[in-house]
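K.L.:
What follows is a protein structure lacking sequence information:
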């Protein structure tokens with residue numbers, strides 16, 4: 001018995017396009033805008049300024065990420081239908097893609113926050129710590145998908161696993177910065 005139905009890759013594609021939309025517009029823009037400020041504080045050795053600016057940017061990213069995730073969660077099926085429901089993409093595919101998108105949306109706050117936290121590490125010239133944590137989270141993601149895909153979630157396990165591992169990654173990155181500062 002196969003854990004995934006035919007067409008799940010197409011549904012994943014549709015869901016990923018939509019959950020990446022607010023990330024590309026809002027989260028990356030916010031992280032890009034705050035990066036020079038964080039870099040300035042890091043270059044001066046102003047740990048307190050770096051900490052305060054990172055905290056402020058994190059609060060803003062969560063403030064924007066939660067409503068973005070909630071809005072996309074509520075509008076997942078109508079958005080999928082509007083954008084992708086044509087040709088061979090049937091109503092049943094739209095429903096499956098909407099469930100996957102809803103799972104992705106649970107981690108929207110974490111996806112937004114991760115961009116800020118990565119910039120906080122990068123401005124301190126530390127790329128190794130986020131890389132190591134991301135590698136651990138990638139392995140955890142694979143294991144989680146392999147387990148959850150055999151539950152009634154099916155393909156939605158990929159979205160849920162992505163949200164969960166992103167949340168844990170953010171918590172771990174924030175913990176490292178908290179100890180460091």
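P.N.:
Perfect, I can see it now. Given the structure is predicted, the values throughout are model-derived calculations rather than measurements.
K.L.:
Return, as residue ranges, the portions of this structure with sub-threshold pLDDT.
P.N.:
1 (pLDDT under 70).
K.L.:
for it, which helix is longest?
P.N.:
helix 47-74 (DSSP state H).
K.L.:
quick one: contacts of whatever helix or strand comes next after that helix?
P.N.:
Next along the chain after helix 47-74, taking DSSP states H and E as the criterion, comes helix 76-84. Helix 76-84 is contacted by residues 14-15, 17-18, 72, 91, 93-95, 97-99, 101-102, 105 when judged by Cβ atoms under 8 Å, 6 or more residues apart in numbering. Placement of C-beta: from N, CA and C, glycine included.
K.L.:
now the following helix or strand past helix 76-84 and helix 47-74, what's the angle there?
P.N.:
Where DSSP H and E defines the elements, the next helix or strand beyond helix 76-84 is helix 91-105. In terms of direction (axes from the mean of the first three to the mean of the last three Cα atoms, to 10 degrees), helix 91-105 departs from helix 47-74 by 160 degrees.
K.L.:
In ChimeraX, how would I select the buried members of the contacts of helix 76-84?
P.N.:
The following ChimeraX line selects those of the contacts of helix 76-84 that are buried, judged by 16 or more other Cβ atoms under 10 Å:
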select :14,15,18,72,93,94,97,98,99,101,102,105
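K.L.:
now, the most widely separated pair of the contacts of helix 76-84?
P.N.:
For the contacts of helix 76-84, the maximum inter-member distance is 20.6 Å, found between 91 and 105 (Cβ to Cβ).
K.L.:
And the residue nearest the centre of the chain, how close does it get to residue 49?
P.N.:
For the chain, the residue nearest the mean C-alpha position is residue 111 (2.8 Å; Cα atoms, centre = their mean). Look at residue 111 and residue 49: by Cβ to Cβ, to the nearest Å, they are 26 Å apart.
K.L.:
Same question for residue 70.
P.N.:
32 Å.
K.L.:
again, but for residue 152
P.N.:
Distance from residue 152 to residue 49, by Cβ to Cβ: 49 Å.
K.L.:
Which one's more surrounded, those two?
P.N.:
Counted by other Cβ atoms under 10 Å, residue 152 and residue 49 do not tie: residue 49 has more neighbours, with 15 against 7.
K.L.:
how far off helix 91-105 does the helix or strand harbouring residue 22 point, in degrees?
P.N.:
Using DSSP H and E, residue 22 sits in helix 8-22. Orientation check (the same axes, to 10 degrees): helix 8-22 against helix 91-105 gives 50 degrees.
K.L.:
now what about helix 8-22, what contacts it?
P.N.:
65, 68, 72, 76, 79-80, 83-84, 89, 93-94, 96-98, 100-101, 104-105, 108, 111, 154-155, 158-159.
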